[in-house]
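Asks: Would you be able to build a 3D model of this:
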Amino acid sequence: MDLGLQGKACVVTGASRGIGLATARLLAAEGASVLLIARDEKVLRAAAAQCGDRARAMPLDVTDPSAARQAVERCEQELGGIDVLVNNAGATRARPMDELTDAEWQAQWDLHVMAPMRLMREAAPRMEARGEGRIVNVCSSSGKRPSLTNVAYSVTKAAQLSLSRAWADAWAPRGVLVNAVAPGPVDTGMWMDEGGLADQAAAARGVSREEALAAQRAKIPLGRFGTEDEIAAAIAFLCSRQAANVAGAAWSVDGGAVPVIL
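Replies: Purely as a prediction, here's the structure:
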């Protein structure tokens, strides 16, 4: 299927690894030019190298209030405009609700709500001026079904879903289609790295790492974690010409983990 992404100029945040890198690779493989954004310059430049000659790396902390303008202007300068924005930057750690500090709540809000909002605020008018655009916010199944693993993460991901819908309603009439994807557990570093969520869950429950992973998989009807490429495929479709009639959607890509039809 031709996704119609040839020559499109794209920004992907949280692009140095996991879902963000898989998305950047796929967009580049479809003929798009991609500006990869993340904080770690060394890791980010290695990631951009995987995406070919049409990729550029921009080390940036998206929670900086000036980051959105810097990113969009850099995309316009180096890639000739902006057609696609994928807000993927995100992070979580297992934290009991009664131990979450005000600073941790604020950090999750800044990363999952304010950063994507600022990027959309910068990008959407410029997309409209080009005739159309696509924005995809990478949210989470825990934004649809709150998790006690990290309530601040769940609450801010729910806010990100609401933000996505509000921007979709405002911008669809102007040709800018805003959608969200809501992955469940994914076989990426967030879960699988040493000290990641698998190890944190094991420590919290007093079980082995494999027992913790088995318990998590048992909650998913598909019986396994998703892969970064599976999530990237859904994102790329929503960025594509083929998704011209999709706006305000919050697609679950979670193996059936959230048992509702939304």
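Asks: Could you name the residue of this structure that is farthest from its center?
Replies: residue 206 (31.1 Å; CA atoms, centre = their mean).
Asks: dump the residue contacts of residue 35.
Replies: Shown in contact with residue 35 (CB atoms under 8 Å, 6 or more residues apart in numbering): 9-12, 55-58, 71, 74-75, 78-79. From N, CA and C alone the C-beta is placed, and that goes for glycine too.
Asks: if we go to 6 Å?
Replies: Applying CB atoms under 6 Å, 6 or more residues apart in numbering to residue 35 gives the contacts 11, 56, 58, 75.
Asks: one step back: check the residue farthest from the centre of the chain and give its pLDDT.
Replies: As predicted, residue 206 sits at a pLDDT of 88.
Asks: now do residue 211
Replies: 89.
Asks: what about it, which helix or strand?
Replies: helix 209-218 (DSSP states H and E).
Asks: Now do the buried residues in stretch 164-171.
Replies: Judged by neighbour count (16 or more other CB atoms under 10 Å), stretch 164-171 contains these buried residues: 164-165, 167-168, 171.
Asks: Residues contacting that stretch, please?
Replies: The contact list for stretch 164-171 (CB under 6 Å, 6+ apart) reads 120, 124, 137, 178, 180, 247-248.
Asks: Let's see which of those residues end up in strands.
Replies: Counted as lying in strands by DSSP state E, out of the contacts of stretch 164-171, are 137, 178, 180.
Asks: possible to save these as CSV with pLDDT, neighbour count and distance to residue 89?
Replies: Listed next are those as CSV, based on pLDDT from 0 to 100; neighbours: other CB atoms under 10 Å; distance: CB to CB, whole Å:
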residue, pLDDT, neighbour count, distance to residue 89
137, 98, 30, 10
178, 98, 28, 17
180, 98, 29, 14
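Asks: Looking at these, spot the one nearest residue 158.
Replies: residue 180 (11.0 Å; CB to CB).
Asks: need the contact list for the closest one.
Replies: 137, 139, 161, 164, 250.
Asks: what does residue 254 give?
Replies: With CB under 6 Å, 6+ apart, residue 254 has these contacts: 141, 183-184.
Asks: Turn the residues you listed into CSV, including distance to residue 102 and pLDDT.
Replies: Converted to CSV, the contacts of residue 254 look like this (distance: CB to CB, whole Å; pLDDT from 0 to 100):
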residue, distance to residue 102, pLDDT
141, 26, 94
183, 28, 96
184, 29, 92
